[in-house]
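A.B. asks: Build me a structure from this.
(one chain, ligands or ions: 1)
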Amino acid sequence: MEVVTVMKNKKKFAQEPNFVEKKTYRPNDVKETGLAFIGHEISEDGEAMNQFLHYDQLYTIRHGWNSKFFKGLIEGKIMGTKCPKCGDVWVPVRTHCWNLDCNLEKTEWLEMPLTAKVHTWTIAGWSGRSSLKRLPIVLVYAVIGDSKVAIANELHGIDPWDVEFEMPLKIVFKPKEERIGAVTDFHFEPADSWSPSPMNEEKERIKKLVEPVYKWVKTMKQG
Ligand SMILES: [Zn+2]
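C.D. replies: Numbers count the residues shown, from 1 in each chain. This is a model prediction of the structure:
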């Protein structure tokens, strides 16, 4: 029988980074109160009770080895990772190669082009409160550069019925002072060279489907 020795070479703790560039953009009126029961209501017949729990906490998202991706967003860059063995590239990033032959090879960072292609998409006719007025929203899974995976984000500057598979996109960042290191720092737009194909049956069908959404959005209070 063959004896396999597993080497124990893992360090238990990484050295703690020295964080220097701290920025706060929390609105002034946000108070962290933690978990608190702030009220209740009881039905007339005494059979039902609702309790109101206020859940307000400060979270720290530690990006660890993925940090350069989020820092890149602040700088208006899309950072990807690449396996030095097989050359596969990823955005969203992977810290280790997924190919079995590469034996979890640690990936290297590279700056991606600000161009992408639609892999697939959907049209959102409903959303959370923050984006209700922008409905209907085109959400795409797009492949940035030669990434092996697709990343989700909004596609602006296009009528929902004009989106096509494989259509070329450009990445547009918010102005520098508005970026916070979140994927919402950028969105996709059709590439300058692209123009939509003429109307057809399928486009008409989608147009009809989204018409009530446009009408509904118009009824919303402005401001
Ligand atoms: Zn690899």
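A.B. asks: where along the protein do the strands fall?
C.D. replies: 34-42, 49-56, 79-82, 89-90, 108-111, 115-124, 137-144, 151-155, 168-173, 186-190 (DSSP state E).
A.B. asks: quick one, which of these is nearest to residue 208?
C.D. replies: strand 115-124 (12.2 Å; C-beta to C-beta). Any C-beta I mention is one placed from the backbone N, CA and C, and that applies to glycine too.
A.B. asks: contact partners of the closest one?
C.D. replies: Strand 115-124 is contacted from outside by 135-145, 150, 155, 160, 163-171, 188, 191, 206, 209-210, using C-beta atoms under 8 Å, 6 or more residues apart in numbering.
A.B. asks: filter the residues you listed to the buried ones?
C.D. replies: 135-140, 142-145, 150, 155, 160, 163, 167, 169-171, 188, 206, 210 (16 or more other C-beta atoms under 10 Å).
A.B. asks: The ion: which of the strands of the chain is closest?
C.D. replies: strand 79-82 (8.7 Å; C-beta to the ion).
A.B. asks: Is the ion within reach of the closest one?
C.D. replies: No - on the criterion C-beta under 5 Å from the ion, strand 79-82 is out of touch with the ion, staying 8.7 Å away.
A.B. asks: for that strand, packing partners?
C.D. replies: Judged by 3 or more C-beta pairs under 8 Å, 6 or more residues apart in numbering; DSSP states H and E, the packing partners of strand 79-82 are helix 67-74, strand 89-90, strand 108-111.
A.B. asks: end to end, how far does stretch 142-157 reach?
C.D. replies: 16 Å (C-alpha to C-alpha, to the nearest Å).
A.B. asks: Next, the buried residues of the longest helix seen in the chain.
C.D. replies: Longest helix in the chain by number of residues (criterion: DSSP state H): helix 201-218. Along helix 201-218, these residues count as buried under the neighbour rule (16+ other C-beta under 10 Å): 203, 206, 210, 213.
A.B. asks: Likewise for stretch 79-88?
C.D. replies: 79-83, 88.
A.B. asks: tell me which parts of the protein are close to the ion?
C.D. replies: Going by C-beta under 5 Å from the ion, the residues of the chain near the ion are 83, 85-86, 97, 99, 102.
A.B. asks: any idea what sits nearest the residue minimising distance to the centre of the chain, other than its immediate chain neighbours?
C.D. replies: Closest to where the C-alpha atoms of the chain average out (C-alpha atoms, centre = their mean) is residue 183, at 4.4 Å. Spatial nearest neighbour of residue 183, excluding adjacent residues (C-beta to C-beta, 6 or more residues apart in numbering): residue 153 at 6.1 Å.
A.B. asks: low pLDDT regions in the protein?
C.D. replies: 1, 5-11, 222-223 (pLDDT under 70).
A.B. asks: try 80 this time
C.D. replies: Within the chain, the segments meeting pLDDT under 80 span 1-14, 221-223.
A.B. asks: follow-up on the earlier one: most tightly packed of the helices and strands packed on strand 79-82?
C.D. replies: Sort the helices and strands packed on strand 79-82 by mean neighbour count, taking mean count of other C-beta atoms under 10 Å, and strand 89-90 sits at the top with a mean of 20.
A.B. asks: With that, I have no additional questions.
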